[in-house]
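Q: Quick one, structure for this:
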Amino acid sequence: MLCQILKRSSVALVLTFLGISGARAENWPQWRGPTNDGICTEKNLPTEWSATKNVVWKLDMPGEGSSTPAIWGKRIFLTAVDGADSVALCVNTDGKELWRKKVGKAVATKREGNSATPSPSTDGKYAWFYFGTGDLACFDVEGNEKWHFNVQDRYGKFRIMWGIHNSPLLHDDRLYVELLHTNTNTVVALNKANGEEVWKINRESDGRGECKEAYTSPVLWSDGKDTLLIIHGNDYTTAHNLKDGSEVWRVGDLNPQDHYDVTLRLVATPVVTPDLIVVPTAKGGPVVGIRPGAKGLVTEGSDFEAWRLSKGTPDVPSPLIYDGLVYLCGEKGRITCLDAKTGKKQYGTEEHGGLHRASPVYADGKIYITSKEGEIRVIKPGSKFELLATNKMEDTIMASPAISEGRIYLRTFKTLYAIGNEK
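A: Numbers count the residues shown, from 1 in each chain. Next up is the predicted model:
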């Protein structure tokens, strides 16, 4: 039964709870796409391209950024660093910049990325932009600012080693923001129309050291009846009631006390289907499949665990689930495929080289795997590994691809590319 539910037919259900009709499935409204899982229903997408082949257009960016574009209709929303400023951008699908707005100052991180790392989101009428400085702003699609405040002023100064990389989650009339760092372990729900606080919770944890710092983003789980907010970081994965943020369940034993790692900061975000939640950890640690419907604390061996692998987690890229299979992309490009029902390994490739920061996406019978060095592998879904193509862009890529209306949008440090089949 589980494998049947995990097939692509479940997307219609997820589209419904995200408030996106099937007719709008071509939009890519936030980081992980229309169904919040890296999957879309687009067709006629290219398998092969280069910096010149199958490039519909390209547009120079004002500066670096790692955020995934948000796309609705004919508008594309991005963030970038422009000199000393963090800016919100709107580009049309013909590759022309429509507007550019300063939202705050720019800030660099110690290792990778900058203040333009969190991804924007849009509902087609408004767009929301969040930066590593804590600046959070809402603009209408014409570029008029509706509200703007700094999260640090309201909820306390950031104290996180590698900077803020979390993307807020847009759902219905709210924007959900997680603040998991050394100074706070807080989750807030904001009214998307005015930025006012709807609720705030203190998310309890006994995590210590670097474990307090999470670089993950909120996601939603739903079975069509119930919907929960999933938060991942500080040694636990927790599920929360949307009404008031109250905790429903939490997954433990992600960083076992008998060999506790004080440097186990979580970066990869869980992926959900109606019948399964795949929880990654970090640094080659465990991967856990959770059955929804849990209550209280879920530990190793619980009835609510579908399966648990002791090692092999991706460190940064988030998992992908498609057609009853789970795909994990390791930091150095190793691809592991698991049976979603049992967690049994179907295959594992060798390390590919380079670093992988972007999360895999699926569309048109293909899975796209992106390296920081600008190489995008295209693989065929299935229980046996099949490489369809390897495509090279001559620039750094840390943003996940976005897909809309027959095009793949690749945001490199220098350029936004629209990739499509040549006419």
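Q: quick one: the nearest residue to Tyr327 once chain neighbours are set aside from Ala106, how far?
A: Leaving aside its chain neighbours, Tyr327 sits nearest to Leu320 (4.4 Å; criterion: C-beta to C-beta, 6 or more residues apart in numbering). Bear in mind the C-beta positions are built from the backbone N, C-alpha and C, glycine included. Counting by C-beta to C-beta, to the nearest Å, the gap from Leu320 to Ala106 is 32 Å.
Q: for the protein, what spans make up the helices?
A: 2-6, 10-17, 151-155 (DSSP state H).
Q: gap between stretch 195-214 and the chain center?
A: From the chain centre to the centre of stretch 195-214 is a distance of 19 Å (C-alpha atoms, centre = their mean, to the nearest Å).
Q: Quick check: end-to-end length of it?
A: 23 Å (C-alpha to C-alpha, to the nearest Å).
Q: residues of it that come out buried?
A: 195, 198-199, 201, 203, 205, 207, 211-214 (16 or more other C-beta atoms under 10 Å).
Q: Which pair of those residues spans the longest distance?
A: Of all pairs drawn from the buried residues of stretch 195-214, the one with the longest distance (C-beta to C-beta) is Gly195 and Cys211, at 30.0 Å.
Q: Run through the stretch 1-150 of the chain and note the low-pLDDT ranges.
A: Along the stretch 1-150 of the chain, segments meeting pLDDT under 70 span 1-25, 109-111.
Q: Trp72 versus the residue nearest to Tyr327, what's the distance?
A: Taking C-beta to C-beta as the measure, Leu320 and Trp72 are separated by 23 Å.
Q: Need the distance between the two termini of stretch 370-378.
A: Terminal-residue distance, stretch 370-378 (C-alpha to C-alpha): 9 Å.
Q: Stretch 322-342 now?
A: This stretch, stretch 322-342, spans 15 Å end to end (C-alpha to C-alpha).
Q: buried set for stretch 327-336?
A: 327-331, 333-336.
Q: Between those residues, which sits nearest Ala282?
A: Glu331 (9.5 Å).
Q: and the closest residue to Asp37 other than its chain neighbours, how many neighbours?
A: Spatial nearest neighbour of Asp37, excluding adjacent residues (C-beta to C-beta, 6+ apart): Val271 at 5.4 Å. Residues near Val271, counting by other C-beta atoms under 10 Å, number 26.
Q: same thing with Ala84?
A: By other C-beta under 10 Å, the residues close to Ala84 number 10.
Q: Wait, it touches Gly104, no?
A: No - shown here, Ala84 and Gly104 do not form a contact pair, counting by C-beta atoms under 8 Å, at 10.1 Å.
Q: Tally up the residues packed near Glu351, please.
A: Neighbours around Glu351, by other C-beta under 10 Å: 11.
Q: any idea how far Thr390 is from it?
A: In terms of C-beta to C-beta, Glu351 sits 15 Å off from Thr390.
Q: Quick check: Pro286 vs Gln30, distance?
A: Computed as C-beta to C-beta, the Pro286 to Gln30 distance reads 28 Å.
Q: Which one's more surrounded, these two?
A: A count of neighbours by other C-beta under 10 Å puts Gln30 above the other of Pro286 and Gln30, at 27 against 19.
Q: is the residue nearest to that one when sequence neighbours are not counted in a bridge, and if so with what?
A: Nearest residue to Gln30 in three dimensions, chain neighbours excluded: Ser121, at 3.7 Å (C-beta to C-beta, 6+ apart). Legend: beta-bridge partners of Ser121 under DSSP bridges are Trp128.
Q: Distance check, Ser121 against Ala108.
A: The spacing between Ser121 and Ala108, counted by C-beta to C-beta, is 24 Å.
Q: For the two, work out which one has more neighbours and name it.
A: Taking neighbours as other C-beta under 10 Å, Ser121 and Ala108 compare with Ser121 leading, 24 against 13.
Q: Quick check, the more buried one in contact with Leu136.
A: No - the criterion here is C-beta under 8 Å, and Ser121 misses it with Leu136 at 11.2 Å.
Q: Now for those two: what residues contact both?
A: By C-beta atoms under 8 Å, 6 or more residues apart in numbering, Ser121 and Leu136 have these common neighbours: 128, 168.
Q: before we move on, back to that, looking at Leu320 and Trp72, which is more packed in?
A: Between Leu320 and Trp72, Leu320 has the larger neighbour count (other C-beta under 10 Å), namely 26 against 21.
Q: what's that one in contact with, if anything?
A: Counting by C-beta under 8 Å, 6+ apart, Leu320 has contacts 37-39, 271, 326-327, 359-362, 367.
Q: what about the closest residue to Ala214 other than its chain neighbours, how many neighbours?
A: Closest residue to Ala214 apart from its sequence neighbours, by C-beta to C-beta, 6+ apart: Gly233 at 2.5 Å. Around Gly233 there are 29 other residues, counting by other C-beta under 10 Å.
Q: distance of Gly233 from Glu305?
A: Noted for Gly233: a distance of 20 Å to Glu305, by C-beta to C-beta.
Q: do Leu179 as well
A: Separation of Leu179 from Glu305 (C-beta to C-beta): 28 Å.
Q: ok, these two, which is more surrounded?
A: Set Leu179 next to Glu305 and count neighbours by other C-beta under 10 Å: Leu179 wins out with 24 against 19.
Q: Identify the bridge partners of that one.
A: The partner residues for Leu179, given DSSP bridges, come to Thr186.
Q: Tell me who's in contact with it.
A: Applying C-beta under 8 Å, 6+ apart, we find Leu179 in contact with 151, 155-156, 185-188.
Q: could those be laid out in TSV, adding distance to Ser383?
A: Output for these, formatted as TSV (distance: C-beta to C-beta, whole Å):
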residue	distance to Ser383
Val151	43
Tyr155	45
Gly156	47
Asn185	39
Thr186	41
Val187	37
Val188	41
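Q: Just the buried ones among these, please.
A: Buried, going by 16+ other C-beta under 10 Å: 151, 155, 185-188, out of those.
Q: Check the buried residues of stretch 327-336 and tell me the two furthest apart.
A: With C-beta to C-beta as the measure, no two of these lie farther apart than Tyr327 and Glu331, at 14.8 Å.
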